[in-house]
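Chemist: my questions concern the predicted model and sequence given below.
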Amino acid sequence: MVIKTDSNGNIVWQKTFNSVGLSSYYDFIEEGEAIEETADGGYILTGHNSEAYRIVLIKLTSGGLVEWMKTYEGNGSGNSVKATSDNGFVITGNKKTNVNIHNYDLYLFKVDSKGQ
């Protein structure tokens, strides 16, 4: 759930992201890790889907509507997202290297303004 408040703490809007209307249960964000305001007044958030442990990146409008949502294969989680000077985004996180034990590698990847 994402909640936007005004300077007094009053709720302006709140959104919950679930699998309703998506092509796959694995395409929604189950655990959000980071959110940042974007240059256009919207928001970018990252995290993962616990069931498939896919990295999820969601771009919201300033009103909290989903502009686009992307998932990235691999046993990983997005832990941080930052906007870049070319309007893209850099995502850092971790990737599980062995599903039977808790071994993780760090990763860094960049996407364009549409999550590609």
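Modeler: Received it, and whenever you're ready, just let me know what you need. Numbering: from 1, shown residues only.

Chemist: pLDDT on stretch 14-31, on average?
Modeler: For stretch 14-31, the mean per-residue pLDDT is 56.

Chemist: correction: stretch 67-78
Modeler: For stretch 67-78, the per-residue pLDDT averages 78.

Chemist: so what touches stretch 70-90?
Modeler: 26-27, 31, 33-36, 38-39, 44-49, 53-58, 91-97, 99, 107-113, 115-116 (Cβ atoms under 8 Å, 6 or more residues apart in numbering). The way it works is simple: take the backbone N, C-alpha and C, and place the C-beta from them, glycine included.

Chemist: extract the C-alpha set from it and format it as PDB.
Modeler: The C-alpha trace of stretch 70-90 is given here as PDB (Å, rounded to 0.1, in the frame of the first residue of the first chain):
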ATOM      1  CA  LYS A  70       7.400  -4.200 -14.800                       C
ATOM      2  CA  THR A  71       8.700  -7.400 -13.400                       C
ATOM      3  CA  TYR A  72      12.200  -8.700 -13.900                       C
ATOM      4  CA  GLU A  73      13.000 -12.400 -13.800                       C
ATOM      5  CA  GLY A  74      15.400 -13.900 -11.300                       C
ATOM      6  CA  ASN A  75      15.400 -14.700  -7.600                       C
ATOM      7  CA  GLY A  76      15.800 -11.100  -6.500                       C
ATOM      8  CA  SER A  77      14.400  -8.100  -4.800                       C
ATOM      9  CA  GLY A  78      14.700  -4.400  -5.600                       C
ATOM     10  CA  ASN A  79      15.900  -2.600  -2.500                       C
ATOM     11  CA  SER A  80      16.500   0.900  -3.800                       C
ATOM     12  CA  VAL A  81      15.600   3.000  -6.800                       C
ATOM     13  CA  LYS A  82      16.900   6.400  -7.900                       C
ATOM     14  CA  ALA A  83      16.100   8.500 -10.900                       C
ATOM     15  CA  THR A  84      18.900   9.300 -13.400                       C
ATOM     16  CA  SER A  85      19.600  12.400 -15.400                       C
ATOM     17  CA  ASP A  86      18.200  10.900 -18.600                       C
ATOM     18  CA  ASN A  87      14.800  10.200 -16.900                       C
ATOM     19  CA  GLY A  88      15.600   6.500 -16.400                       C
ATOM     20  CA  PHE A  89      16.100   4.600 -13.100                       C
ATOM     21  CA  VAL A  90      18.800   2.700 -11.400                       C
END
